[in-house]
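Colleague: what's the 3D shape of this:
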Amino acid sequence: MNILFIHQNFPGQYKHLAPLLASKGHQCVSLTLRVKEPTTWKGVKVLPYALPDRGGQKVHPWLLDLDSKVTRGQACFLAARKLRDNGFVPDLILAHPGWGEPMFLHDVWPSARIGLYCELYHRSGYPHLAFDPEFETGDAELQPLRIRMKNINNHLHFPAATAGISPTKFQADTFPPEFRDRITVCHDGIDTDTASPNPDVRLQIGDLDVSRNDEVITFVNRNLEPYRGYHVFMRALPRLLKERPNATVLIVGGDEVSYGAQPPKGQTWKQIFIDEVRGRIATKDWNRVHFLGRIPYSQFVQLLQVSRVHVYLTYPFVLSWSLMEAMSCEAAIVASGTEPVREVIRDGETGRLVDFFDQDGLVERVCELLEDEAQRRALGQAARRLMIGEYDLQKTCLPRQLSWVDTVMRSAPPGPPRD
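Modeller: All right, here's what the predicted structure looks like:
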């Protein structure tokens with residue numbers, strides 16, 4: 001087959017599926033903003049496309065998100081049309097619609113099947129709104145209207161899509177029934193051979209040097225922000241450091257915002273919550289807290305392997321790969337009892353759950369595990385068994401993804417573009 005991948009940060013969620021399909025003899029091509037010149041990656045021909053200069057165009061604030069997506073959709077359309085005119089006709093388009101790129105591809109290739117990566121549909125009520133009132137801004141009655149506008153992008157993609165795939169049931173279930181019925185739940189997959197326990201691990205970064213003999217507490221976000229519970233963890237630190245005088249706390253994450261509200265201009269969420277709690281933490285204790293920023297994947301795995309207790313907090317949202325990689329490394333987990341987390345963390349079986357906002361409960365669960373080696377071992381081993389049994393990349397998830405691709409291709413061809 002000819003297969004076209006669409007993802008602004010290719011390979012993204014197609015990191016494993018795209019090269020596997022290429023290795024099976026399919027001609028795989030990707031359009032992406034990530035590169036500036038054509039290249040080949042693991043058998044996939046990667047082609048750039050560029051966004052136009054929009055100058056100072058002004059639109060209603062609720063339309064900024066859609067405006068950005070239409071801009072990407074048009075730019076991707078122009079690049080796709082050039083591909084078509086040069087003779088490339090995809091049988092299958094696998095696309096992440098989150099940035100609007102595949103919005104008009106059905107107009108270029110009306111007969112191509114389209115499989116969408118369905119990451120999230122934004123609900124206009126709880127829990128996507130009003131979960132954490134501390135960061136709600138503006139007129140509360142206007143927020144559902146803004147969220148509904150944000151979903152226009154999804155609805156522009158649904159009519160042309162043959163089927164969808166979502167990594168978790170929670171994420172799939174956010175979509176409306178008319179499209180949920182076409183979504184297969186299949187995780188991207190965890191490389192359980194790489195993310196695996198290592199009793200002899202040693203993590204060395206700068207002056208930091210820790211092993212499994214040290215009492216290490218870990219906390220990981222892509223970016224340190226409220227959506228992933230950074231503020232809750234930081235507010236728990238003063239008590240946690242007092243109760244665990246020998247603990248080393250390792251925090252991984254950048255200073256930007258991946259999701260949710262922006263911090264006040266000129267500030268970062270990281271520094272805001274450091275400033276909030278620093279006065280309640282003695283310097284000798286603060287010296288045991290290490291902000292590592294973003295680290296290479298090899299060191300990230302070592303961090304999970306060295307962790308004695310790993311803390312994971314999140315709004316009801318997309319589930320982080322880092323949680324599942326920690327589970328695969330046999331880490332003992334304390335996590336928020338939010339809905340997506342409960343798909344993999346069963347309290348007392350594969351980890352411990354705590355209410356997202358319960359800082360004291362968080363400290364108590366962490367301390368309990370730090371005191372109970374047998375419980376840590378049992379939870380970690382059960383967590384890894386779950387990852388191997390249901391989420392292993394090679395044995396489970398990639399075969400399911402290939403089966404889904406086959407199902408999409410056996411589906412009836414789409415009709416012509418609809419007005």
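Colleague: what's the longest helix in this protein?
Modeller: When the chain is parsed with DSSP state H, its longest helix is helix 64-85.
Colleague: Following that one in sequence, what is the next regular element?
Modeller: Remark: after helix 64-85, the chain's next helix or strand is strand 92-95, criterion DSSP states H and E.
Colleague: Can you give the strand pairings for that following strand, parallel or anti for each?
Modeller: Taking DSSP bridges as the criterion, strand 92-95 sits next to strand 2-6 (parallel), strand 113-117 (parallel) in its sheet.
Colleague: mind listing what's buried in that strand?
Modeller: Neighbour counts using 16 or more other CB atoms under 10 Å place 92, 93, 94, 95 of strand 92-95 among the buried residues. For the C-beta atoms, the positions are set from N, CA and C on the backbone; glycine is no exception.
Colleague: before we move on, what about stretch 233-247?
Modeller: For stretch 233-247, by 16+ other CB under 10 Å, it's 233, 234, 235, 236, 237, 238, 239, 240, 241, 244, 247.
Colleague: For it, report the contacting residues that lie outside it.
Modeller: 215-217, 219, 249, 251, 273-274, 276-277, 280-281, 285-286, 288-289, 311, 313, 359-360, 362-363, 366-367, 370 (CB atoms under 8 Å, 6 or more residues apart in numbering).
Colleague: How about stretch 407-419?
Modeller: Taking CB under 8 Å, 6+ apart as the rule, stretch 407-419 contacts 1, 91-92, 106-107, 110-115, 159-160, 162-163, 184.
Colleague: let's see it at 7 Å
Modeller: 91, 92, 106, 107, 110, 111, 113, 115, 159, 160, 162, 163 (CB atoms under 7 Å, 6 or more residues apart in numbering).
Colleague: what is the rounded mean pLDDT of it?
Modeller: The predicted model gives stretch 407-419 an average pLDDT of 81.
Colleague: same question, stretch 146-164
Modeller: Averaged over stretch 146-164, pLDDT sits at 93.
Colleague: picking that back up, now, which of the contacts of stretch 233-247 lie within strands?
Modeller: Among the contacts of stretch 233-247, the members falling in strands (DSSP state E) are 216, 217, 219, 249, 251, 289, 311.
Colleague: coming back round to it: columns distance to residue 265 and pLDDT on top of the buried residues of strand 92-95, output as CSV?
Modeller: Converted to CSV, those look like this (distance: CB to CB, whole Å; pLDDT from 0 to 100):
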residue, distance to residue 265, pLDDT
92, 44, 98
93, 39, 98
94, 38, 98
95, 34, 98
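Colleague: was I right about residue 80 contacting residue 112?
Modeller: No. Between residue 80 and residue 112 there is no contact under CB atoms under 7 Å: 10.1 Å.
Colleague: Those two - which one has more neighbours?
Modeller: residue 80 (25 against 20; other CB atoms under 10 Å).
Colleague: if you skip the residues just before and after it, what's nearest to that one?
Modeller: residue 108 (4.5 Å; CB to CB, 6 or more residues apart in numbering).
Colleague: Would you mind telling me which of the strands paired with strand 92-95 is nearest residue 171?
Modeller: For those, proximity to residue 171 was assessed by CB to CB; strand 113-117 is nearest, at 10.1 Å.
Colleague: what's the average pLDDT for the closest one?
Modeller: For strand 113-117, mean pLDDT rounds to 98.
Colleague: tell me which residues in whichever helix or strand comes after that strand are buried?
Modeller: Tracing the chain past strand 113-117, the next element assigned as helix or strand by DSSP H and E is helix 143-150. Of all the residues in helix 143-150, those buried under the rule 16+ other CB under 10 Å are 143, 144, 146, 147, 149, 150.
Colleague: Residue 342: which of the residues you listed is nearest?
Modeller: Nearest member of those to residue 342, counting by CB to CB, is residue 147, at 23.5 Å.
Colleague: Much appreciated, bye for now.
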